[in-house]
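Peer 1: Mind folding the following:
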Amino acid sequence: MPSVAIPKTTEVLVILTPRQGVTFQQVMAVIPAEILATVNLYLDGKIRQWYSRGDGKGVIFLLDAKTEEEARAIMETLPLAKGAVDGS
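Peer 2: This is a model prediction of the structure:
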């Protein structure tokens, strides 16, 4: 029986949405800092791609991370996560 190569994880998909009960105004108050931090993570190579959800209720990131723990550590540096506004 041939051995099967197990692929290595090279990216982690992250979907962020605001926590239940968080208002639009609370999110918008943090957005300028969030955008700056996101761009810096992108320029540092930690975020490979990002997208806004079509319904306007969050974002999707493809992270250069090998594990879920590594991805969580990256996301916890963002202002929305620090302020406990996101639902990750």
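Peer 1: my guess is Leu80 is in a helix, correct?
Peer 2: Yes. Under DSSP: H, G, I helix; E, B strand; the rest coil, Leu80 sits within a helix.
Peer 1: number of nearby residues for the residue nearest to Tyr51 when sequence neighbours are not counted?
Peer 2: Using CB to CB, 6 or more residues apart in numbering and skipping the chain neighbours, the partner closest in space to Tyr51 is Ile60 (4.6 Å). Bear in mind the C-beta positions are built from the backbone N, C-alpha and C, glycine included. Neighbour count for Ile60, taken as other CB atoms under 10 Å: 14.
Peer 1: for Ile60, what are its contacts?
Peer 2: Counting by CB atoms under 8 Å, 6 or more residues apart in numbering, Ile60 makes contact with 13-16, 50-53.
Peer 1: Now the buried members of the residues you listed.
Peer 2: 14, 16, 50 (16 or more other CB atoms under 10 Å).
Peer 1: thinking again about what came up before, farthest pair in the contacts of Ile60?
Peer 2: Spatial extent of the contacts of Ile60 (CB to CB) is set by the pair Leu13 and Ser52 at 14.8 Å.
Peer 1: Now do the helix ranked longest in the chain: which elements does it pack against?
Peer 2: Using DSSP state H to define each element, the chain has its longest helix at helix 24-43. Helix 24-43 sits against strand 47-52, helix 79-82, with contacts defined as 3 or more CB pairs under 8 Å, 6 or more residues apart in numbering; DSSP states H and E.
Peer 1: Quickly, which of these bottoms out on average pLDDT?
Peer 2: Of all the helices and strands packed on helix 24-43, the minimum mean pLDDT falls on helix 79-82 (a mean of 84).
Peer 1: Could you pull out the buried residues of that helix?
Peer 2: For helix 79-82, a neighbour-count test (16+ other CB under 10 Å) marks 79-81 as buried.
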